[in-house]
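1. Next input, structure requested:
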Amino acid sequence: MKHLLSAGDLSRDEANLILDTAEEMRSLADRPIKKLPALRGRTVVNLFFEDSTRTRISFEAAAKRLSADVINFSAKGSSVSKGESLKDTALTLQAMGADGVVCRHGSSGAPHLLAKSGWMTGSVVNAGDGTHEHPTQALLDAFTMRRHLGSLDGRRITIVGDVLHSRVARSNVLLLATLGAEVTVVAPPTLLPVDMTSWPCATSYDLDGALAKSDAVMMLRVQRERMNDAFFPSAREYTRRYGLDKYRMAQLPDDAIVLHPGPMNRGMEISAEVADSTRSVIVEQVTNGVAIRMAVLYLLLSGSNEEETTA
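-> This is a model prediction of the structure:
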């Protein structure tokens with residue numbers, strides 16, 4: 001595996017390999033010294049054209065724990081603000097010897113362009129591209145579910161909220177289906193893509209009807225920054241129909257868990273009581289995110305290191 005661009009590119013064996021490797025990396029979090037020399041001498045560039053807190057810091061922590069050299073690139077304050085193209089940025093990174101590039105971009109397909117264009121020879125990891133995909137978020141969500149629920153075969157996962165603008169929803173549906181889960185997406189009709197026939201999941205407009213049979217519920221943020229129209233009457237109306245509060249949480253089976261990719265709009269898609277409850281694994285998702293990203297960087301970059309040594 002040279003790049004990680006889409007959750008749909010992963011076979012079941014590849015997905016399980018990443019999850020199993022992350023389990024080993026997760027044990028590092030409990031050690032006093034959280035370092036491995038696996039990527040010593042490698043350079044990882046975090047190329048972020050969009051604002052990010054969790055993902056950027058998580059990738060940075062992951063690379064540093066593997067002893068890689070990390071360069072953080074933000075579009076604000078860079079030559080991009082002066083009009084530099086993605087191609088010229090990529091050629092610059094190639095000239096600086098980047099072995100791996102973690103790319104987040106507002107345009108869908110930008111990481112694919114970096115990986116397939118020939119502008120650079122390093123591995124590319126998609127850290128979120130427009131409304132398309134966010135594969136490492138799906139991996140860390142699956143990893144968190146697996147730690148709580150065991151095998152995901154036959155497990156019923158419900159994804160609720162702004163599916164139309166969510167790259168997290170698309171990646172989760174693809175990955176969870178690969179791992180054998182039964183996925184249902186719940187949203188207002190205006191916040192579902194027009195054609196979902198190619199998505200390996202069921203759809204519903206009724207949150208209450210889906211909760212009682214869910215092993216895990218993932219709430220999605222309403223992405224107002226991507227909206228240029230009125231997709232629902234009001235925030236209060238959205239919360240009443242599709243928000244997860246303590247009364248709806250009581251409908252869940254006893255061992256069900258609640259996830260959220262973050263950042264949360266407390267009081268809108270999820271109440272503060274639910275976010276801070278014992279069923280919520282939202283903070284654990286952040287911890288698991290570092291382990292998953294360590295696993296991805298290790299599997300992508302350590303192999304190329306061994307190949308060069310052998311050659």
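
2. backbone phi and psi for the residue nearest to residue 277 when sequence neighbours are not counted, please?
-> Take residue 277 and drop its neighbours on the chain: the residue closest to it by CB to CB, 6 or more residues apart in numbering is residue 249, 6.9 Å away. All C-beta atoms are positioned from the backbone trio N, CA, C, and that covers glycine. When read as degrees, to the nearest 10, the backbone of residue 249 gives phi -60, psi -30.

3. What is the neighbour count of residue 249?
-> Neighbourhood size, residue 249 [other CB atoms under 10 Å]: 19.

4. For residue 23, see how far away it is.
-> Distance, residue 249 to residue 23, by CB to CB, to the nearest Å: 28 Å.

5. and if you look at residue 273?
-> Here the distance between residue 273 and residue 23 works out to 31 Å (CB to CB).

6. residue ranges of the strands in the stretch 1-150 of the chain, please?
-> Under the criterion DSSP state E, counting those that start in this stretch, strands of the stretch 1-150 of the chain are mapped to 43-48, 69-74, 100-105, 123-129.

7. Below-threshold pLDDT in the stretch 51-200 of the chain: ranges please.
-> The model of the stretch 51-200 of the chain has pLDDT under 70 over residues 77-82.

8. so where do the helices sit in it?
-> 54-65, 86-95, 110-116, 135-149, 167-178 (DSSP state H, counting those that start in this stretch).

9. Residue 258 is nearest to which of the strands of the stretch 1-150 of the chain?
-> For those, the distance to residue 258 is smallest for strand 123-129, at 22.1 Å, taking CB to CB.

10. Residues touching the closest one, excluding its own?
-> For strand 123-129, the external contacting residues (CB atoms under 8 Å, 6 or more residues apart in numbering) are 2-6, 46, 48, 50, 52, 55-56, 59, 99-112, 114-115, 133-137, 167, 296-297, 300-301, 304.
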